[in-house]
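Participant: here's my sequence, what's the structure:
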Amino acid sequence: MAKRTDRSKADDTTTATPPARPSSPGGERRSRSRAPRETGSTDEPARDAAETFAARREAADERPVDAPSDEEIRDRAYEIYLVRGGVHGMDFDDWVRAEQELRRKR
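Facilitator: Residues are numbered from 1 along each chain as shown. Now for the predicted structure:
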């Protein structure tokens, strides 16, 4: 705890300065920087995104022929929702149930 000084004895010419920040053990602060990337292209994220999109597209095209379409599932899920009395909050459960029912029928 700092010693209190009497207000009348305090030097009025001094200005309040914030305490000095302690320096790092090495003296100057060193910034942390990452090593530069050693790749030739700057558009890698765009290329990666395009490749990912293409892979997803191919996976979607490989859906089994007998699998129900999203529209069929949506319609059946809405029917289930109406049968339940239109209570909100169970849309995912309705979707899964509708998908399972339609897969069993095929």
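Participant: and Asp91, what does it touch?
Facilitator: Taking C-beta atoms under 8 Å, 6 or more residues apart in numbering, we find Asp91 in contact with Ala77, Tyr81. Every C-beta, even on glycine, is put in place using the N, C-alpha and C of the backbone.
Participant: hmm, try it at 6 Å
Facilitator: For Asp91, no residue meets the contact criterion (C-beta atoms under 6 Å, 6 or more residues apart in numbering).
Participant: okay, now the unreliable bits of this structure?
Facilitator: Scanning the chain for pLDDT under 70 picks out 1-2, 5-47, 49-50, 57-65.
Participant: tell me how far Asp48 lies from Gly86.
Facilitator: To Gly86, Asp48 is 43 Å away according to C-beta to C-beta, to the nearest Å.
Participant: and Arg56, by the same measure?
Facilitator: Here Arg56 is placed at a distance of 34 Å from Gly86 (C-beta to C-beta).
Participant: so those two - more neighbours on which side?
Facilitator: A count of neighbours by other C-beta atoms under 10 Å puts Arg56 above the other of Arg56 and Gly86, at 10 against 7.
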